[in-house]
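**Student:** Need coordinates for the below:
(chains A and B)
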Amino acid sequence: MHLDSVYRLAEGVQVRNEVFGLLFYDVRGPRLYFVPSKNMITDEFFEGKQQVADLLDRLCAEMPRPREWVHNQLGQILEKLARKGLICGQSIC
Amino acid sequence: MGNQYVEMGLSAPVNVTWEVTYACNLSCIHCLSDSGKKRATELSTDECRRVIDDLSAMKVFQFNIGGGEPFMRPDFLDLMDYAHDKGMVTCISTNGTLIDRDIARRLDHRLVYIQVSLDGATPESNDPIRGKGSFQKVLHALECLRERNIEVSINTVLTRLSFPELDRMTSLAADYGAKLRVSRFRPSGRGKRSWSQLNVSADQMLAFSDWLSQHLGVSTGDSFFSVSTEERRSLGLNMCGACKLTCCISPEGGVYPCAFLQEADFRAGAVPGESFGDIWRHSPVFQSFRELEIKSCESCHRFDLCHGGCPAIAYHTQRKLGVADPGCLENCVRVKMPATVNA
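**Tutor:** Numbering: from 1, shown residues only, chains lettered A, B, ... in the order given. Predicted structure coming up:
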């Protein structure tokens, strides 16, 4: 996870917010992925307009947790989604 | 499947089955909706657009379009374009007889998937079920779709007549670059009248379960979780998704738990007059369906694989919900499946 990256949905993938976190739909299959993202990320993040660093700053301001913990949690979620081919990261620097 | 997350309640269906018309140019003896003539009360083009707007705003991912025959609607392709412009995936179930090269060209879109119905590998086996001449027309449709590399499944309803054809159907599908999809015969629509004649025997259902285990590339549209074996556990649902993951909209806008329960008792509301979101979240019909428990199945060693099976078949054969699917694997082994349908 690079702090200057933005993330977008991969081709054929849709996402929406649910009470447990995020629900991804991948038309290949089709397949569903239930992601208990603990309100850290909302579907808007995957419009590719917000850098990871900005999201991290906001989460750290909102959550009573050390920055390193938030960074690790966020990194794990994004890396797992990228590994499954649901999102694509792109550095904008 | 993330059952625990589904049980928490989704904000919207994942997909919605939308039967866009009752009009059909065929008269298949097992038709789930008793289609034939267009009805005056079917939704207009503008009303259909409002339904698409409503569901798109809720982020419903996919429409499973059926009928009737969807291509009987003169505005059908325009409505599909409207849904695609909003990013919605459409999986169109068609009898294939109206698809030509022009229509195939219009269907060549990254958000379109096609299911063409065929119930036999030859005209001799298919046409008695679907109508004279339908087999050859479907092959022409498959050819037109293959020319454009459009992703296609051949959909076969499992009956006493189609069961012996499954191996040949698999080969036929492969010849056209298509997948085979087998769906379950349910006693709704005209299927009520042909149920005793066409429904597979318990022995055939057991043999079909084995066949499915050996053909993991054959899809079932989650029709057969009630007879799925461990080999197919990861391939789809392990429970009925009605009112939890999916629901059905009739050609007149009625909202129901699934396409096989379009009965007055199960009408949850009507769109576009009522908000689909309100129906999904608050309809007493949907709430009670979500709370449905099939207690008699809970001690079964297969409960984790099927959660009681298909409520629609239980309802149509026993006139009540909350009872076991009579065609589940355990019932096929232990008892004879009911041969009659309660009208």
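
**Student:** need the residues of the stretch 201-343 of chain B near chain A, please.
**Tutor:** Remark: no part of the stretch 201-343 of chain B is in contact with chain A, using Cβ under 8 Å from any Cβ of the partner chain. C-beta here means a position set from N, CA and C on the backbone, and glycine is covered the same way.

**Student:** For chain A, which residues are neighbours of chain B?
**Tutor:** A:11-12, A:14, A:16-20, A:23, A:25, A:27, A:30, A:32, A:34, A:36, A:43.

**Student:** Now, those that are in strands?
**Tutor:** A:14, A:16-18, A:23, A:25, A:32, A:34 (DSSP state E).

**Student:** and B:Val157, that one's in a helix?
**Tutor:** No. Counting by DSSP: H, G, I helix; E, B strand; the rest coil, B:Val157 falls outside a helix, being strand.

**Student:** before we move on, back to that, for the residues of chain A next to chain B, name the two members farthest from one another.
**Tutor:** Based on Cβ to Cβ, the longest span within the residues of chain A next to chain B runs between A:Glu11 and A:Val19 and measures 27.6 Å.

**Student:** Would you point out which residue of the stretch 151-300 of chain B is nearest chain A?
**Tutor:** Nearest to chain A in the stretch 151-300 of chain B, going by Cβ to the nearest Cβ, is B:Leu245, at a distance of 8.2 Å.

**Student:** what about that residue, distance to B:Leu10?
**Tutor:** Distance of B:Leu245 to B:Leu10, given as Cβ to Cβ, to the nearest Å: 7 Å.

**Student:** just B:Trp211 next, same as before
**Tutor:** 33 Å.

**Student:** more crowded one of the two?
**Tutor:** B:Leu10 (20 against 17; other Cβ atoms under 10 Å in any protein chain shown).

**Student:** Without its sequence neighbours, what residue ends up closest to the more buried one?
**Tutor:** Computed as Cβ to Cβ, 6 or more residues apart in numbering or on different chains, the closest residue to B:Leu10 that is not its neighbour in sequence is A:Glu18, at 6.0 Å.

**Student:** what's near enough to touch the one you found?
**Tutor:** A:Glu18 makes contacts with A:34, B:5, B:8, B:10-11, as judged by Cβ atoms under 8 Å, 6 or more residues apart in numbering or on different chains.

**Student:** for B:Ala12, same thing?
**Tutor:** A:16, B:55, B:58-60, B:277, B:280.

**Student:** Then B:Cys332 would be within a helix, right?
**Tutor:** Yes. Per three-state DSSP, B:Cys332 lies within a helix segment.

**Student:** Can you list the low-confidence ranges for chain A?
**Tutor:** A:93 (pLDDT under 70).

**Student:** Of all residues in it, which one is closest to chain B?
**Tutor:** For chain A, Cβ to the nearest Cβ, closest residue to chain B: A:Phe34, 3.4 Å.

**Student:** neighbours around that residue, how many?
**Tutor:** Count around A:Phe34 with other Cβ under 10 Å applied: 19.

**Student:** That one and B:Leu10: what is the separation?
**Tutor:** Counting by Cβ to Cβ, the gap from A:Phe34 to B:Leu10 is 10 Å.

**Student:** Quick check: neighbours shared by these two?
**Tutor:** Joint contacts of A:Phe34 and B:Leu10 (Cβ under 8 Å, 6+ apart) are A:18, A:23.

**Student:** what separates the top helix by length along chain A from the chain centre, distance-wise?
**Tutor:** The helix spanning the most residues in chain A, taking DSSP state H as the definition, is helix A:67-83. Centre-to-centre, helix A:67-83 and its host chain are 8 Å apart (Cα atoms, centre = their mean, to the nearest Å).

**Student:** now the angle between strand A:13-18 and that helix, please.
**Tutor:** 140 degrees (axes from the mean of the first three to the mean of the last three Cα atoms, to 10 degrees).

**Student:** so what does helix A:67-83 touch, helix or strand wise?
**Tutor:** Secondary-structure packing of helix A:67-83 (3 or more Cβ pairs under 8 Å, 6 or more residues apart in numbering or on different chains; DSSP states H and E): strand A:5-9, strand A:31-35, helix A:52-62, strand A:87-91.
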